[in-house]
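**Student:** sequence first, then the predicted structure, then my questions.
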Amino acid sequence: MNKKVLLLSCNTGEGHHSAALAVQEALLAQGAQAELADPLSFASESVRQNATELYNSMIRNAPKAFGVVYRLGEAVSSITKHSPIYIANSLYAENLLRYILENSFDAVVSTHLYGMEACTALRQRQKLPVPAYGVLTDYTAIPFFHETRLNGYFVPHRDLIAELTATGMDASLLHPTGIPVSPRFAQHMPKEQAREHLSLPAGKRIYLVMTGGVGCGNIAALCDGLLADDSSDFLALVLTGKNDKLREELTARYAGDHRVQAVPFTREVNLYMNASDVLITKPGGLSSTEAAAACIPMIHLITIPGCEEKNAAFYESHGMARKTTSLREAASLAVALAGDPAACEAMRKQQAEQINANSAQDIARFVLCANANDD
């Protein structure tokens, strides 16, 4: 009988959800059954909606406030036995357990802290009869991560083990598989072919600008910087995610200049990466891993204080990207990088060496084999 795995992720940002989908895809490819659920769906509907809307609104409109909340979480995490996050998620844990038992799941994998906390509550009560695993989707020890108690954790890189164990986590439970991404990011289409598929010009320099799943930042200032620093007939493609207002504003602003084009939400991000010369992106853990798997030279523009600062620092320290908090400097760095083939090649080499593009498959294999050994 095929193993059945429950994946838990929340709609608070695209990264957690994309990581869960990547693991689900890998599990299905390896012959398992895999179902994806939002842990907050086991709480009241109002709680789920409020949590999602608060997170997305804070990222769009008040990134500095998000940083304050993040740092407050770090402080609370270091001095309390059980955080408010743990307590809140423990309230619906019994509903989650009922669902696991009624549907005969063999294992649980959570890519979001909420699901990890709920599973921890069940394990603390000695009620969870199946193994539960957590997936860390940022290149740092996020607040409250260390207070979870699961059977194992899949973490982004071996160099994070020391940071995680310093918070009190058991090194034997930390598996440096990498952040799971869809295999399509590792399937590199030649640049010319990708451009033809996307109806993009073959001979131009192309900058790819990614604003995140919800859209953020003063992208117009960045585009103006590219226009000022690059005198060539380049093309800047701005992926505006689900932010229709931003897309409309950019389309109107650059209506007379073909060098800047806004691209609505797309599921062909990997092909846009293959088609482009340099990527300018916010340093989300998942999106950065996707880009590194695609091997595209990268500029990290830090817009949200907190874990994204640490993601950017990790990537720069490992030669996989350059970082800045300045829109103007991001444009200058991108133009300079695009004009330096040797630097681009060195960055692509580091990305290929440091990032496991097959992480999702490795995680799926681990969960299924560990579960089989427990039978």
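**Tutor:** Nice, I can see it.

**Student:** which stretches of the stretch 151-300 of the chain form helices?
**Tutor:** For the stretch 151-300 of the chain, the helices defined by DSSP state H, counting those that start in this stretch cover 161-166, 191-198, 219-229, 244-253, 269-275, 285-294.

**Student:** for the third one, buried residues please.
**Tutor:** Within helix 219-229, the residues that qualify as buried are 219-220, 222-227, counting by 16 or more other CB atoms under 10 Å. Quick note: C-beta positions are derived from backbone N, CA and C, even for glycine.

**Student:** what mean pLDDT does that helix have?
**Tutor:** Mean pLDDT, helix 219-229: 94.

**Student:** any weak-confidence spans in the stretch 201-350 of the chain?
**Tutor:** Residues of the stretch 201-350 of the chain that meet the criterion pLDDT under 70 lie in 212-217.

**Student:** which residue ranges of it form strands?
**Tutor:** Along the stretch 201-350 of the chain, counting by DSSP state E, counting those that start in this stretch, strands occupy 206-210, 235-239, 260-263, 278-281, 298-301, 322-324.

**Student:** of those, flag the one that's most buried.
**Tutor:** The highest mean neighbour count among the strands of the stretch 201-350 of the chain, using mean count of other CB atoms under 10 Å, belongs to strand 298-301: a mean of 28.

**Student:** and it, how far out from the chain's middle?
**Tutor:** 15 Å (CA atoms, centre = their mean, to the nearest Å).

**Student:** distance of L250 relative to A88?
**Tutor:** In this view, L250 and A88 are 38 Å apart by CB to CB, to the nearest Å.

**Student:** same question for I299.
**Tutor:** Applying CB to CB to I299 and A88 gives a distance of 37 Å.

**Student:** again with Y254
**Tutor:** 44 Å.

**Student:** cool, and P183?
**Tutor:** Taken as CB to CB, the span from P183 to A88 is 35 Å.

**Student:** now D230: phi and psi?
**Tutor:** Backbone dihedrals for D230, given as degrees, to the nearest 10, come out at phi -120, psi 110.

**Student:** make CSV out of the buried residues of helix 219-229 and add distance to L6.
**Tutor:** Formatted as CSV, these follow (distance: CB to CB, whole Å):
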residue, distance to L6
I219, 38
A220, 43
L222, 40
C223, 43
D224, 47
G225, 46
L226, 44
L227, 49
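
**Student:** tell me the one of these nearest Q33?
**Tutor:** For the buried residues of helix 219-229, the closest approach to Q33 (CB to CB) belongs to I219, at 41.2 Å.

**Student:** which residues does that closest one contact?
**Tutor:** Contacts for I219 (CB atoms under 8 Å, 6 or more residues apart in numbering) come out as 209, 211, 238, 240, 246, 250.

**Student:** re earlier: tabulate the strands of the stretch 201-350 of the chain (a markdown table), appending distance to A336.
**Tutor:** Supplementary listing: these in a markdown table, determined by distance: least, CB to CB, whole Å:
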| stretch | distance to A336 |
| --- | --- |
| strand 206-210 | 12 |
| strand 235-239 | 15 |
| strand 260-263 | 19 |
| strand 278-281 | 9 |
| strand 298-301 | 10 |
| strand 322-324 | 9 |
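
**Student:** tell me where the stretch 1-150 of the chain has helices.
**Tutor:** Using DSSP H, counting those that start in this stretch, the helices found in the stretch 1-150 of the chain span residues 14-29, 45-61, 63-79, 84-90, 93-102, 113-124.

**Student:** correct me, but A118 touches P39?
**Tutor:** Yes. Applying CB atoms under 8 Å as the test, A118 and P39 come out as touching, 5.3 Å apart.

**Student:** between these two, point out the one with more neighbours.
**Tutor:** Neighbours were counted for A118 and for P39 using other CB atoms under 10 Å; A118 has more, 32 against 26.

**Student:** tell me the most buried of the helices of the stretch 151-300 of the chain?
**Tutor:** Among those, the stretch with the highest mean neighbour count (mean count of other CB under 10 Å) is helix 285-294, at a mean of 27.
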